[in-house]
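Student: Pasting the sequence and the predicted coordinates here, then a few questions.
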Amino acid sequence: MSAWRIVVADVGLLAALALAGRATAASADGAGQSIYLRGVLGSGAPLEGIREAGAVTTGVDAACVNCHQRSGLGSLEGNLSIPPVTGEYLFHSRTQAGEAVLPYVESLHGNRDPYTDATLARAIREGLDSEGRPLSYLMPRYALGDEDMASLIGFLKRLSVRQVPGVTDTVLHFATIVTPDADPLKRRGMLDVLEHFFAQKNLIPLKPSPRMLTSGKTQYSKSMYMANRHWQLHVWELTGPAATWRAQLDKHLAAEPVYAVLSGLAGSNWAPVHEFCEQNAVPCLFPNVEVPVVAERDFYSMYFSKGVLLESDLIARAILGSDDRPAAGAVEQVYRAGDSGEAAAKALAAQLKGHGVKVHSTVLAAGAQRHGVTSALRTAARRKDARGQALVLWLRPPDIAVLGDVPAGAATVYLSGLMGGLEKSPLPAGWREHAVMTYPFDLPGKRGVRLDYPLGWFSVRRIPLVAEQVQTDTFLACSLLADVLNRMADNFARPYLIEQLQGLLEHRVITGYYPRLTLASNQRFASKGGYVVHFRDPGGTALVAEGDWIVP
């Protein structure tokens, strides 16, 4: 946690979470959620917090979620301990024998009496704990009215780490989701990795684990143990049009409650799955998608990259330059209807038009790869403003292989690396001197060491390498999940899983195709940038970066 976050937000004892509240009068339950997450009172007025030194925070900056997190389980960073504020921990006795042991939370230190509604209200308003001792000076004091206070306390009581769907005493249930337009080869490669990883994980004997030794200073130290559970994979294959996917997902979840969605694969549309996971509070961890959903205020979906939307940002930056002076007067885009390039082309057009760049789009018929590409380029070349324009190709390898001659007058050609096959793209030799390619990964020569382990793991298990990037991303997602569950001990609260992953990522050494992975609060994409590259030779796969790693 940064010092800025500590100063801007609340480090005390109250907390916050929730989906968006309303700016109008809310129900009792809604007011508690709105205060917790957004810093908005039941009346719609902003929450105001005052610290001992007189510093005032308001609205979203005063929301307790900034420090106590969405799970309500707090955090620990250095010597700073932000305690959990779910009802189970606030009202639970620390000393009485015979009481149920709560799951371990690393931020619990020291002992105090359990709170009552009255002492908790005093803590929030006056900054005194359950025994009347002053809380940290960083804890704001909130002058909440009785109705808002009751709503907030009621909300905290309902935050729970118990009875997590998809978790039993012996089994953790996970789903992976495949959409009907997913590439069959990538599907097989992804499932190979998932099935082998789960099989290896389940080799661990399912027996009680020894308790973890503690210093004795940590509250609930007797609950610190690793809970070995069988990992069960459920493959949810969607069928038919996207409008029917939500009903299919609801049916799957009702029949097979799962703890989280792990990996997964889509063609050009993942939005229904993303929305399903957010609305059902199901963590969705690093699906293999080219068009993720950009909704930074969502919480449960995590992606390695923005995919083709990141590529559109990289191309926009290349065309506009660092000073926002367009290097091209007009841009021609070519993509197939219904493919991932459609979303990328629309995103790029929106950015460029905002800077006065004319953007034309040529849309090829869906599913007819190899057909219509040459004629589309000829048509584009005949436009009156074609000379000096930039050409952007959101095309797959079969279309790229039949490009024909470079259109006369095209200044620069931009190629989507993610769609076009990266360094294995079949870009004709005549195009290579004109074309640059977006590359949303680390360069091949730089990522070798980070790939040695997963590639060796595949080799030992005789997993065919049919889609290297998808398979290594899937392995990375699985290993991140295994690491974070070890870190969580026996606490399986779903929001806590997301929060712990955010803290774990930046310390990860084996990051596969990516030079670095980080996720701060309200960030959904772990890798933030990419390169613009060109081919070194008329043939072959060697790439040369046009510059440094770019974060648009």
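Tutor: Received the coordinates, thanks.
Student: only C-alpha atoms for contact and neighbour calcs from this point on.
Tutor: Fine.
Student: Low-confidence ranges, this structure, go.
Tutor: Low-confidence segments of the chain (pLDDT under 70): 1-29, 94-101, 107-110, 205-227, 322-328, 384-388, 409-410.
Student: right, and the helix or strand after the longest helix anywhere in it?
Tutor: Of all the segments of type helix in the chain, defined by DSSP state H, the longest one is helix 468-488. Next in sequence after helix 468-488, counting helices and strands by DSSP states H and E, comes helix 494-505.
Student: Give me the buried positions along that following helix.
Tutor: The neighbour-count check on helix 494-505 (16 or more other CA atoms under 10 Å) flags Arg494, Pro495, Tyr496, Leu497, Ile498, Glu499, Gln500, Leu501, Gln502, Gly503, Leu504, Leu505 as buried.
Student: which secondary structure element contains the residue nearest the centre of the chain?
Tutor: By CA atoms, centre = their mean, the chain has its centre lying nearest to Met302, at 1.7 Å. With secondary structure defined by DSSP H and E, Met302 is part of strand 301-302.
Student: Quick check: neighbours of that strand in the sheet, parallel or antiparallel?
Tutor: Strand 301-302 pairs in its sheet with strand 284-285 (parallel), by DSSP bridges.
Student: and Asn288, bridged to which residues?
Tutor: Leu265.
Student: these two touch, right, it and Ser268?
Tutor: No. Using CA atoms under 8 Å, Asn288 is not in contact with Ser268, being 10.8 Å away.
Student: more crowded one of these two?
Tutor: Asn288 (29 against 19; other CA atoms under 10 Å).
Student: Gly539 versus the more buried one, what's the distance?
Tutor: 29 Å (CA to CA, to the nearest Å).
Student: before we move on, back to that, just give me how far the strand holding Met302 sits from the chain centre.
Tutor: Chain-centre distance of strand 301-302: 3 Å, with CA atoms, centre = their mean, to the nearest Å.
Student: who's in contact with it?
Tutor: Residues external to strand 301-302 that are found in contact with it (CA atoms under 8 Å, 6 or more residues apart in numbering): His274, Cys277, Glu278, Pro283, Cys284, Leu285, Phe286, Pro287, Arg524, Phe525, Ala526.
Student: Pull the contacting residues for the last one.
Tutor: I take that to be Ala526. Counting by CA under 8 Å, 6+ apart, Ala526 has contacts Met302, Tyr303, Phe304, Ser305, Leu517, Thr518, Leu519.
Student: Tell me where the stretch 1-150 of the chain has strands.
Tutor: Taking DSSP state E, counting those that start in this stretch as the test, the strands found in the stretch 1-150 of the chain are 48-50, 56-58, 75-77, 80-82, 141-142.
Student: need the contact list for Thr518.
Tutor: Gln502, Leu505, Glu506, Ala526, Ser527 are the contacts of Thr518 under CA under 8 Å, 6+ apart.
Student: Let me have the residues you listed in JSON lines, extended by distance to Leu144.
Tutor: Putting the contacts of Thr518 into JSON lines (distance: CA to CA, whole Å) gives the following:
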{"residue": "Gln502", "distance to Leu144": "32"}
{"residue": "Leu505", "distance to Leu144": "37"}
{"residue": "Glu506", "distance to Leu144": "37"}
{"residue": "Ala526", "distance to Leu144": "37"}
{"residue": "Ser527", "distance to Leu144": "40"}
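Student: just those residues now: which is nearest Thr239?
Tutor: Ala526 (29.5 Å; CA to CA).
Student: any idea how far Tyr514 is from that closest one?
Tutor: From Ala526 to Tyr514 the distance is 9 Å (CA to CA).
Student: cool, and Ala63?
Tutor: 34 Å.
Student: now Arg432
Tutor: Taken as CA to CA, the span from Arg432 to Tyr514 is 25 Å.
Student: Which strand residues bridge the residue nearest to the centre of the chain?
Tutor: With DSSP bridges as the criterion, Met302 is bridged to Leu285.
Student: From Ala526, how far off is it?
Tutor: Met302 is 8 Å from Ala526, by CA to CA.
Student: Out of the strands of the stretch 1-150 of the chain, flag the one nearest Val466.
Tutor: Per CA to CA, nearest to Val466 of these: strand 75-77, 41.0 Å.
Student: That closest one packs against which elements?
Tutor: With contacts taken as 3 or more CA pairs under 8 Å, 6 or more residues apart in numbering; DSSP states H and E, strand 75-77 sits against strand 80-82.
Student: List the buried residues in the strand it packs on.
Tutor: So for strand 80-82, counting by 16+ other CA under 10 Å, buried means Ser81, Ile82.
Student: just how off-centre is that strand within its chain?
Tutor: 25 Å.
Student: Over to stretch 485-496?
Tutor: 17 Å.
Student: helices or strands up against the longest helix of the chain?
Tutor: Going by 3+ CA pairs under 8 Å, 6+ apart, helix 468-488 lies up against helix 184-201, helix 448-460, helix 494-505.
Student: so of the ones you listed, which one's packed in deepest?
Tutor: helix 494-505 (a mean of 20; mean count of other CA atoms under 10 Å).
Student: what's the angle from that one to helix 468-488?
Tutor: 110 degrees (axes from the mean of the first three to the mean of the last three CA atoms, to 10 degrees).
Student: start at 245 instead
Tutor: Got it, the first residue is 245 from now on, which makes the last one we talked about helix 738-749.
Student: next helix or strand past helix 738-749?
Tutor: Next along from helix 738-749, by DSSP H and E: strand 775-779.
Student: Output that following strand in CSV with nothing but the alpha carbons.
Tutor: The C-alpha coordinates for strand 775-779 follow below in CSV (Å, rounded to 0.1, in the frame of the first residue of the first chain):
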residue,chain,number,x,y,z
TYR,A,775,6.2,-2.8,-28.6
VAL,A,776,5.9,-1.6,-32.2
VAL,A,777,8.3,-3.8,-34.2
HIS,A,778,9.2,-4.6,-37.8
PHE,A,779,10.7,-7.7,-39.5
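Student: domain ranges for the chain?
Tutor: 246-403, 415-549+692-735+751-756, 552-683+776-789 (automatic domain parsing).
Student: out of the ones you listed, nearest to Val795?
Tutor: It is, among the domains of the chain and with distance given as CA to CA, domain 552-683+776-789, at 8.0 Å.
Student: Can you check the distance spanned by the closest one, start to finish?
Tutor: Domain 552-683+776-789 end-to-end distance (CA to CA) = 18 Å.
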